[in-house]
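> I need the structure of the sequence given here:
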Amino acid sequence: MLAISIAGISWAHKLRVGYKLATLSIFSIFIFYVNSLFLLLLILFGILLLYYSVSIAVLRKGILLLRPLILVIGLIWIFHIIREEFLSGTVICLRLIILFALANFVTLSSRLSDMIELFLWILHPLKLIGVRTSPIGLALGMVIRFTPVLIARSKQLLESWRARGLKHINWRIILPIFITVIDDADRVAEAIRARGGI
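Model prediction:
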């Protein structure tokens, strides 16, 4: 299965996930009070340097992760231009890019096991009322791991569909995607059972 994070020994990888997520949360609130276009561009440039301080590979991956959002953000920007709100529209779009870039940075520089460990720590009070949190942590890990796989499988099926000359993609593509997801889930369940479960 694919992983979003990139392994490394940089300062960002060594920093605890809890600190990174707390900083991201605080910065997410702060950024909505910033209305200066120049300051937002400066922050965006600073984030690029933040990526670069880890490695070129992380910078490239971060840019690739933002590419699917460009279309959506572009549509939002065009909508504001049509309404003659160029400045406010540009500010909103820059805020979105900054927030997504920072969230991706946290994901790229954090191990999945650390994320799950933090999540289990947050859920620890549930143990006091008899709730088993380890299956919840496993489910969280599976969702994070399977999301990129599902996207990749969907792209493969769409390419196969087009290769057969079927240009108009309709709802029938959902069934093959659903079957592949069920098949993968069944294999993972068998592997977990073979290792004694949780």
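> domain-wise, how is this protein divided?
Here the domain parsing of the chain from automatic domain parsing is 11-110, 120-194.
> can you put those domains in a markdown table and add mean pLDDT?
Formatted as a markdown table, those follow (pLDDT from 0 to 100):
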| stretch | mean pLDDT |
| --- | --- |
| domain 11-110 | 89 |
| domain 120-194 | 73 |
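> distance to residue 5 and mean neighbour count added to those, as TSV?
From N, CA and C alone the C-beta is placed, and that goes for glycine too. Below are the domains of the chain laid out as TSV (distance: least, CB to CB, whole Å; neighbours: other CB atoms under 10 Å):
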stretch	distance to residue 5	mean neighbour count
domain 11-110	6	15
domain 120-194	9	12
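> okay, strands next: where are they in this protein?
Using DSSP state E, the chain contains no strands.
> show me what the longest helix along it is packed against.
Across the chain, the longest stretch assigned as helix under DSSP state H is helix 134-163. Applying 3 or more CB pairs under 8 Å, 6 or more residues apart in numbering; DSSP states H and E, we find helix 134-163 packed against helix 112-122, helix 174-194.
> please report the distance of residue 131 from residue 59.
Distance of residue 131 to residue 59, given as CB to CB, to the nearest Å: 41 Å.
> ok, back up a step: next one: the longest helix of the chain to chain centre, how far?
Per CA atoms, centre = their mean, to the nearest Å, the displacement of helix 134-163 from the mean C-alpha position of its chain is 13 Å.
> tell me what angle that helix forms with helix 174-194.
Between helix 134-163 and helix 174-194, the angle comes out at 140 degrees (axes from the mean of the first three to the mean of the last three CA atoms, to 10 degrees).
> gap between the residue most central in space within the chain and residue 191?
In the chain, the centroid-proximal residue (CA atoms, centre = their mean) is residue 104; its distance is 5.9 Å. For residue 104, the distance to residue 191 equals 29 Å [CB to CB].
> try residue 26
From residue 26 to residue 191 the distance is 39 Å (CB to CB).
> now residue 163
32 Å.
> now do residue 70
Distance of residue 70 to residue 191, computed by CB to CB: 37 Å.
> one more: residue 42?
Spatial separation of residue 42 from residue 191 under the definition CB to CB is 48 Å.
> same check on residue 73?
Taking CB to CB as the measure, residue 73 falls 39 Å from residue 191.
> before we move on, what about residue 91?
For residue 91, the distance to residue 191 (CB to CB) stands at 48 Å.
> what do you get for residue 116?
17 Å.
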